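# This is a predicted model, with the sequence first.
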Amino acid sequence: MLKDNMQVFKKYKSLLNDLVTRDFKVKYRRSALGFLWSILNPLLMMIVITSVFQTLFRFEIENFPVYYLSGSLIYNFFSEATSSALTSVVNASALIKKVYIPKYIFPLEKVLFSCINMLFSFTSVIIIIIILKAKVYWTIILIPIPMIYITAFCVGIGLILATFQVFFRDVGHLYSVLLTAWFYLTPIIYPVDILPANILGLVKLNPVYYFVDYARQLILYGTLPDLHINLICLAFSSSFLLLGLIIFKHRQDSFILYI
């Protein structure tokens, strides 16, 4: 079974590449700076957020711009990847009706596109570290580890959302509200130590919290996340990926009746 699935994936690998390339062309079409906006946008947002939260709220966080960027890039990837995966099958309905294509290709492509976009955006973290003359730790080279964790998590969530969106078109509206709450339950713009115990317990049920914390330990503090955090990240990533694959595979044959 696994061997057959891998052969199918290899057969459609070129299509996956073409879809990712198409999304880049569409996103940056008629843009003078093109993909450089992937770097400029987080930098500009960092300037705004830093001005507001360090001036008005006076959060005492060392290297706050790096703190914010290292968290926001992870969260923005999650938000963009899952939101675009949510509508991927419905938006590809015309193509699905004409030719046979493994339907999981569409949510997977959206996550991969967002992942590549995040890799470009990560340059903004390097730039701000250089500007602030912040200390660079060797652990930064391990940043692909949390990226792999959250990419697998996003694929799982994306498959689940794409499935439900086919049958219930209100899912997209509900998810946009959920993402707003999810953002505030993730310590992107505030230090986690200011939270009361009851709210902290809720935050620690949030998988994205651990992915963000993992990235910050590598970039900002130069520490290696312990086995406990690795196991938590692995558990969230693998369990949601498996759940997404099961739900999607179980329902995909009915998609054609609803798209």
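Thanks, I have it.
# Show me what the helix or strand hosting A235 is packed against.
A235 is located in helix 227-251, with elements delineated by DSSP states H and E. Packed against helix 227-251 by the contact rule (3 or more C-beta pairs under 8 Å, 6 or more residues apart in numbering; DSSP states H and E) you find helix 144-167, helix 207-216. Where C-beta positions appear, they are placed from N, C-alpha and C, glycine not excepted.
# angle of the first one against helix 227-251?
An angle of 30 degrees separates the directions of helix 144-167 and helix 227-251 when computed by axes from the mean of the first three to the mean of the last three C-alpha atoms, to 10 degrees.
# what's helix 144-167 packed up against?
Applying 3+ C-beta pairs under 8 Å, 6+ apart, we find helix 144-167 packed against helix 64-86, helix 88-91, helix 105-121, helix 171-184, helix 207-216, helix 227-251.
# Distance to D18, mean neighbour count and mean pLDDT added to the ones you listed, as a markdown table?
A markdown table is the format used below for the helices and strands packed on helix 144-167 (distance: least, C-beta to C-beta, whole Å; neighbours: other C-beta atoms under 10 Å; pLDDT from 0 to 100):
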| stretch | distance to D18 | mean neighbour count | mean pLDDT |
| --- | --- | --- | --- |
| helix 64-86 | 17 | 23 | 93 |
| helix 88-91 | 15 | 21 | 93 |
| helix 105-121 | 9 | 22 | 91 |
| helix 171-184 | 25 | 13 | 93 |
| helix 207-216 | 29 | 24 | 96 |
| helix 227-251 | 22 | 16 | 96 |
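# per-residue confidence at the closest residue in space to T123 that isn't next to it in sequence?
Nearest residue to T123 in three dimensions, chain neighbours excluded: I39, at 4.9 Å (C-beta to C-beta, 6 or more residues apart in numbering). On the pLDDT scale, I39 is placed at 76.
# Could you count how many residues lie near I39?
Residues within reach of I39, counting by other C-beta atoms under 10 Å, total 18.
# picking that back up, quick one, which of the helices and strands packed on helix 227-251 is nearest to I131?
helix 207-216 (18.5 Å; C-beta to C-beta).
# Provide the contact partners of that closest one at residue level.
67, 70-71, 73-75, 78, 143, 145-146, 149-150, 153, 182, 185-188, 203, 225, 229, 232-233, 236, 240 (C-beta atoms under 8 Å, 6 or more residues apart in numbering).
# mind checking the end-to-end distance for stretch 211-225?
Start-to-end span of stretch 211-225 (C-alpha to C-alpha, to the nearest Å) is 11 Å.
# Can you give the distance of it from its chain's centre?
When C-alpha coordinates are averaged (C-alpha atoms, centre = their mean, to the nearest Å), stretch 211-225 and its chain have centres 17 Å apart.
# for stretch 232-252, same thing?
Offset of stretch 232-252 from its chain centre (C-alpha atoms, centre = their mean): 15 Å.
# With just CA atoms, put it into CSV.
Only the C-alpha atoms of stretch 232-252 are listed here, as CSV (Å, rounded to 0.1, in the frame of the first residue of the first chain):
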residue,chain,number,x,y,z
ILE,A,232,5.5,17.0,22.4
CYS,A,233,6.2,18.5,19.0
LEU,A,234,6.5,15.1,17.4
ALA,A,235,3.3,13.9,19.0
PHE,A,236,1.3,16.9,17.8
SER,A,237,2.7,16.7,14.3
SER,A,238,2.4,13.0,13.7
SER,A,239,-1.0,12.6,15.3
PHE,A,240,-2.6,15.4,13.4
LEU,A,241,-0.9,14.3,10.2
LEU,A,242,-2.2,10.8,10.6
LEU,A,243,-5.7,12.0,11.6
GLY,A,244,-5.8,14.3,8.5
LEU,A,245,-4.7,11.5,6.2
ILE,A,246,-7.4,9.1,7.6
ILE,A,247,-10.2,11.7,7.4
PHE,A,248,-9.2,12.9,3.9
LYS,A,249,-8.8,9.4,2.5
HIS,A,250,-12.1,8.2,4.0
ARG,A,251,-14.1,11.1,2.5
GLN,A,252,-12.3,12.0,-0.7
